[in-house]
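Trainee: quick check, what structure comes out for this input:
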Amino acid sequence: MTTLIFLALLLNSPLHAEEAESWLPSLQTQTPEEGFQLALTLARKGVTETQGDPEVLHGERPKYSQDAESLIAASQVVATHFQTIAAANDYWRD
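Mentor: Next up is the predicted model:
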């Protein structure tokens, strides 16, 4: 998927700022493990908000779950979210 298509999908997403604040009050976490779990949550939320049709969302999973390039791309998204969260937590330094 090209970046332009991805951005178009995000702009048409039903997620609004008010909703985002209700489920994501902060990027602060107590531990790196909690930060990684938050990164996974952000990645999942991005997919479910971008593809609003649950039938399509779940129907496509068997295809991408067997595609190495899709799995690598998903891992890259999680890694990018984790970098953001780590920076927001000052890399968990005191």
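Trainee: show me where the chain has helices.
Mentor: With helices called from DSSP state H, the chain shows them at 3-11, 17-23, 32-50, 54-64, 68-88.
Trainee: could you export the ones you listed as TSV, including mean neighbour count?
Mentor: Placement of C-beta: from N, CA and C, glycine included. As requested, the helices of the chain are exported to TSV (neighbours: other C-beta atoms under 10 Å):
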stretch	mean neighbour count
helix 3-11	10
helix 17-23	9
helix 32-50	16
helix 54-64	10
helix 68-88	14
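Trainee: out of those, which gets the lowest mean score?
Mentor: Ranked by mean pLDDT, the helices of the chain end with helix 3-11 at the bottom, a mean of 47.
Trainee: how about the contacts made by the nearest residue to residue 47 once chain neighbours are set aside?
Mentor: For residue 47, the nearest residue in space outside its immediate sequence neighbours is residue 57; the separation is 7.2 Å by C-beta to C-beta, 6 or more residues apart in numbering. With C-beta atoms under 8 Å, 6 or more residues apart in numbering as the criterion, the residues that contact residue 57 are 47, 48, 51.
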